[in-house]
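**Q** Sequence plus predicted model, see below.
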Amino acid sequence: MANGTSAQVPVDICNGALGKLGAKFITSITGGDPSNEALQCANCYYDKVDEILGKMPWSFAQSIVNLGQVSGVTVPFGDLTNVFAKPSDCIKINYKNVWDRVKIIGPYLYTSANTLGIKYTFRNYNVATYFPEFKAALQGLIAADICFAITNSAKKAADLRDVYDEILLPEAMSSDSQQGSPEPAIANEWDNARMIGSPTLGGPGGNNQQWVWYPIN
């Protein structure tokens, strides 16, 4: 049950945001609380989570998967004849494990490669996995979004957005970048061709038995 202080469930994140506005706390964002504060939080919460998750490859919201090819999809590119589908929980694809060109349009990825693995940011709605600076940034973003609807102050809303953009989000990004081991250097296609002549697929079963990541281009 939400207690307004643990920040372990969405309603607690929202109460943290409401606290920044001097507004009353809520008990639910799923319909059990009829207040305007609850309605405003319910209307924006998951959109704001998606927005902040898309800002960078957060350490707690990364997934690696080998995609399966799909058939029956029109291919708009003559040289990119293989089609793969994005994972349903994908917010942003960050890396690929082939150096072939990959074009993303809507729910599909088009490439000439026969296999395709990706590392992507997924919709992680498990508040318990968020670290404190990320929670603070999310609360700041929600506060800025719902501020005018609750306080009728455009200036306060703008000020809160500035705090989020200039302080809270950078602090969260900096803190997350210190989690675990640093990402290995991203392989560059031109350098790869110049140094070793031809690429090998990374990942389980590949010739080099490891994931080699390339930027999505």
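**A** Ah, there it is.
**Q** Indicate each strand paired with the host helix or strand of Tyr120 and its parallel or antiparallel sense.
**A** Using DSSP states H and E, Tyr120 sits in strand 116-122. Sheet pairing here is set by DSSP bridges, and for strand 116-122 it gives strand 62-67 (antiparallel), strand 90-96 (antiparallel).
**Q** now that strand: mean pLDDT?
**A** Taken as a whole, strand 116-122 has a mean pLDDT of 97.
**Q** What of stretch 78-91?
**A** So the average pLDDT for stretch 78-91 ends up being 94.
**Q** what's the answer for stretch 162-178, then?
**A** 96.
**Q** Quick check: buried residues in it?
**A** 163-164, 168-169, 172, 175-176 (16 or more other C-beta atoms under 10 Å). C-betas here are computed from N, CA, C, even on glycine.
**Q** Run the chain-centre distance for that stretch.
**A** Here the centre of stretch 162-178 is set off from its chain's centre by 15 Å, with C-alpha atoms, centre = their mean, to the nearest Å.
**Q** Just say which of the strands paired with strand 116-122 is most tucked in.
**A** Neighbour counts (mean count of other C-beta atoms under 10 Å) averaged over each of those peak at strand 90-96, with a mean of 19.
**Q** what helices or strands is the very next helix or strand once past that strand leaning on?
**A** The helix or strand immediately downstream of strand 90-96 is strand 102-105, counting by DSSP H and E. With contacts defined as 3 or more C-beta pairs under 8 Å, 6 or more residues apart in numbering; DSSP states H and E, strand 102-105 has these neighbours: strand 108-111.
**Q** What strands line up against the strand it packs on, and which way round?
**A** Strand 108-111 has the following sheet partners, assigned by DSSP bridges: strand 82-85 (antiparallel), strand 102-105 (antiparallel).
**Q** deepest of these, which one?
**A** strand 82-85 (a mean of 18).
**Q** mind saving the C-alpha coords of that strand as CSV?
**A** The C-alpha trace of strand 82-85 is given here as CSV (Å, rounded to 0.1, in the frame of the first residue of the first chain):
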residue,chain,number,x,y,z
ASN,A,82,15.1,-8.5,-44.2
VAL,A,83,12.5,-7.2,-41.8
PHE,A,84,12.5,-7.5,-38.0
ALA,A,85,9.9,-6.3,-35.5
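**Q** Determine how far that strand lies from the middle of the whole chain.
**A** That offset, for strand 82-85, works out to 21 Å (C-alpha atoms, centre = their mean).
**Q** residues in contact with it?
**A** 67-71, 73, 75, 107-114, 116 (C-beta atoms under 8 Å, 6 or more residues apart in numbering).
**Q** which one of those residues is nearest Lys86?
**A** Proximity of those to Lys86 (C-beta to C-beta) peaks at Pro107, which lies at 5.1 Å.
**Q** In contact with the nearest residue to the closest one once chain neighbours are set aside, which residues?
**A** Spatial nearest neighbour of Pro107, chain neighbours left out: Lys86 (5.1 Å); criterion: C-beta to C-beta, 6 or more residues apart in numbering. Contact analysis of Lys86 by C-beta under 8 Å, 6+ apart lists 93, 104, 107-109, 120.
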